[in-house]
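Student: Let me see the structure of the following:
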Amino acid sequence: MPIKPIRPIKPIKPISPISPISPISPISPINNITMKKRIQFSLVYRDMWQSSGKFQPRKDQLERIAPAIIDMGVFDRVETNGGAFEQVNLLAGENPNAAVRAFCKPFNQVGIKTHMLDRGLNALRMYPVPDDVRELQYKVKHAQGVDIPRIFCGLNDVRNIIPSVKWAKAAGMTPQATLCITTSPVHTVEYYSEIADQVIAAGAEEICLKDMAGIGQPALLGALTKAIKTKHPDIIIQYHGHSGPGLSMASILEVCNNGADVIDTAIEPLSWGKVHPDIISVQSMLKNEGFEVKEINMNAYMRARALTQEFIDDWLGYFINPGNKHMSSLLLGCGLPGGMMGSMMADLAGIHGVINNTLKAKGEPELSTDEILVKLFDEVAYVWPRVGYPPLVTPFSQYVKNIALMNLLTIAQGKGRFVMMDDSMWGMILGKSGKIPGTIDPELKELAAKQGREFTDADPHTLLKNALPDFIKEMEENGWERGQDDEELYELAMHPEQYRNYKSGQAKKNFLADLQKAKDAKLQAAAGPKLSVEELSAFKHAKADAIQAPDAGQVLFEVSGDAGVTRCTEPAIGAKYKEGQTFCYIQTQWGQLLPVPAALGGKLVDITAKQGQKVLKGQAIGWIEREA
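Tutor: Just a heads-up that it's a prediction; the model follows:
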């Protein structure tokens with residue numbers, strides 16, 4: 001076969017000049033993917049405690065933890081106060097205004113934004129607040145260093161949110177309007193989007209998706225975030241989700257992939273359980289997903305972790321329900337927020353015995369703890385749609401739970417349902433707290449008519465008259481100062497009963513008694529049921545030095561410069577003393593004031609004499625445990 005001629009080689013085209021390299025998009029070092037938008041993190045330090053137990057750290061403890069939070073380097077925001085923070089400070093005999101100012105100050109100085117939880121119509125308590133007190137709140141909190149109020153209504157009624165948005169804005173704050181997330185036939189993307197449109201039109205600069213029970217479905221949350229961002233691209237969206245039912249990490253990923261800007265997180269030892277996801281896990285997940293996130297200074301994280309554990313060990317742990325450390329998918333069925341599970345179990349324990357006694361008297365089998373818990377969850381699921389699907393957040397979660405709890409009792413007694421409902425429960429149903437999202441069941445409408453109760457569609461805040469003049473008069477009559485920026489006036493007006501007890505010193509006495517009772521109960525449980533009172537006392541003071549009276553006389557924990565007695569109460573358990581520091585004074589029968597030193601110093605673990613109490617020479621006044 002003849003060989004085919006070789007084709008001539010085409011001349012090589014000149015190489016075109018290399019075009020300049022365009023800037024390379026940031027690459028995730030882990031997945032080699034293009035970096036997405038930046039996500040900011042908030043540490044919800046207040047809610048970590050509120051979702052775990054009853055009380056909040058003291059001012060001195062907050063001052064110690066703040067530098068470690070700052071040094072972590074990962075947080076752009078910190079939740080400092082609001083919710084029950086101010087109220088439980090008063091219950092512990094502490095001044096919440098001093099605590100808020102002290103905690104906010106270091107964050108203000110470094111540009112970390114502070115935010116607080118605000119219940120809208122109810123402000124910082126569980127029942128409606130007059131307009132003049134609500135308006136004063138934003139002036140006071142802005143002056144104290146709070147940047148952002150997270151304003152929510154448990155019913156998502158914009159009439160309870162919009163006035164607060166306007167007052168907050170006028171006071172110089174950044175109002176963040178809140179959508180209380182739940183899962184029901186009426187709580188759709190369209191429902192929430194319409195609310196977002198209204199509050200943004202009224203001046204809200206940010207939106208919070210408050211998934212208070214952690215039962216918001218990730219797909220809905222993602223779709224809602226996208227809907228809001230599509231229509232309002234400049235609005236900041238912050239997601240707040242509890243970890244109780246186990247959906248929170250999926251929800252965080254969904255909202256971030258659909259445009260969310262800020263994610264609420266927690267730190268150990270108060271993360272996870274029924275609280276919030278830990279910043280380490282959230283940051284790692286989003287970093288691997290390709291989002292731009294700040295790094296965590298782990299040395300600072302461990303300092304903050306250790307300090308928080310120290311606060312728990314000192315005294316706060318005595319008021320923490322261990323059950324709140326456990327996640328539970330059972331929460332998905334009833335929709336109750338994880339933070340109230342502790343109180344719910346305590347309430348259930350009280351009713352459980354009554355129900356079993358009733359069943360026993362009728363010759364019916366008694367119920368185990370698990371059986372009655374499931375019955376309660378089922379009853380909540382029965383009650384909730386019939387009262388119109390109110391989002392299960394404070395205070396409406398308590399109302400729905402209490403209706404269900406009372407129903408279990410009255411059903412066992414053969415009286416049927418909806419027999420034991422107080423005015424607060426009825427107030428929710430009748431519309432006195434705002435518009436119910438769903439429809440009230442005909443049975444309840446008929447029952448309301450029989451009891452002479454009327455439904456209303458009035459704007460809730462118009463039902464209240466202004467209250468500040470009466471509280472100003474009370475302060476003048478008592479000789480109380482209104483405080484810097486009227487903050488003391490505000491506290492009296494917001495929490496009248498608790499503030500009066502705080503001012504009289506009764507709150508501190510009640511708190512110390514409760515703390516001692518909790519400590520004794522824990523010691524008794526650890527040592528066994530046969531421990532006597534004397535053995536319990538010896539066990540409690542085993543590692544402590546007794547502070548003894550040098551002479552007979554009256555115990556005074558504080559005196560003024562002119563040797564006069566200053567009204568005060570006993571120091572708080574956990575207070576720290578240096579070696580030789582004055583612990584108290586003994587005023588002898590001859591009027592001599594004898595200082596009593598704090599021995600070798602350490603931590604106060606017990607007080608056995610009260611302010612003004614008469615003691616004998618050598619009698620123990622308190623016990624201080626030396627620190628290693």
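Student: Output the below-cut-off pLDDT ranges for this structure.
Tutor: The chain contains residues with pLDDT under 70 at 1-34, 338-343, 527-540, 560-569, 628.
Student: Show me how it divides into domains.
Tutor: 40-319, 330-462, 508-625 (automatic domain parsing).
Student: Of those, flag the one that's most buried.
Tutor: domain 40-319 (a mean of 21; mean count of other Cβ atoms under 10 Å). Every C-beta, even on glycine, is put in place using the N, C-alpha and C of the backbone.
Student: What's the end-to-end length of that one?
Tutor: 32 Å (Cα to Cα, to the nearest Å).
Student: Let me know whether Asn264 touches Glu79 as I believe.
Tutor: Not quite, residue 264 is Asp, not Asn. Yes. Assessed by Cβ atoms under 8 Å, Asp264 is found in contact with Glu79 at 7.4 Å.
Student: Find the residues that touch each one of those two.
Tutor: Shared contacts of Asp264 and Glu79 (Cβ atoms under 8 Å, 6 or more residues apart in numbering): Ser42, Val44, Asp47.
Student: Okay, the spatially closest residue to the second one that is not a sequence neighbour and Gly388: tell me how far apart.
Tutor: Take Val44 and drop its neighbours on the chain: the residue closest to it by Cβ to Cβ, 6 or more residues apart in numbering is Glu79, 4.2 Å away. Separation of Glu79 from Gly388 (Cβ to Cβ, to the nearest Å): 30 Å.
Student: With distance to Val165 and secondary structure as added columns, please give the shared contacts of Asp264 and Glu79 in CSV.
Tutor: Converted to CSV, the shared contacts of Asp264 and Glu79 look like this (distance: Cβ to Cβ, whole Å; DSSP: H, G, I helix; E, B strand; the rest coil):
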residue, distance to Val165, secondary structure
Ser42, 20, strand
Val44, 21, coil
Asp47, 21, helix
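Student: between the residues you listed, which is nearest Thr174?
Tutor: Of all these, Ser42 has the smallest distance to Thr174: 13.3 Å, by Cβ to Cβ.
Student: need the contact list for the closest one.
Tutor: Phe75, Asp76, Arg77, Val78, Glu79, His115, Gln238, Val262, Ile263, Asp264, Thr265.
Student: could I get those residues as JSON lines with distance to Asn321 and secondary structure?
Tutor: Shown next, in JSON lines, are the contacts of Ser42 (distance: Cβ to Cβ, whole Å; three-state DSSP):
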{"residue": "Phe75", "distance to Asn321": "27", "secondary structure": "coil"}
{"residue": "Asp76", "distance to Asn321": "31", "secondary structure": "coil"}
{"residue": "Arg77", "distance to Asn321": "27", "secondary structure": "strand"}
{"residue": "Val78", "distance to Asn321": "25", "secondary structure": "strand"}
{"residue": "Glu79", "distance to Asn321": "21", "secondary structure": "strand"}
{"residue": "His115", "distance to Asn321": "26", "secondary structure": "strand"}
{"residue": "Gln238", "distance to Asn321": "27", "secondary structure": "strand"}
{"residue": "Val262", "distance to Asn321": "29", "secondary structure": "strand"}
{"residue": "Ile263", "distance to Asn321": "26", "secondary structure": "strand"}
{"residue": "Asp264", "distance to Asn321": "21", "secondary structure": "strand"}
{"residue": "Thr265", "distance to Asn321": "22", "secondary structure": "strand"}
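Student: Which one of those residues is nearest to Glu205?
Tutor: Of these, the one sitting nearest to Glu205 (Cβ to Cβ) turns out to be Gln238, at 11.3 Å.
Student: Make sure that closest one is actually in contact with Ile207.
Tutor: Yes. Counting by Cβ under 8 Å, Ile207 is a contact partner of Gln238 at 7.4 Å.
Student: sec struct for Phe41, please.
Tutor: Three-state call for Phe41 (DSSP: H, G, I helix; E, B strand; the rest coil): strand.
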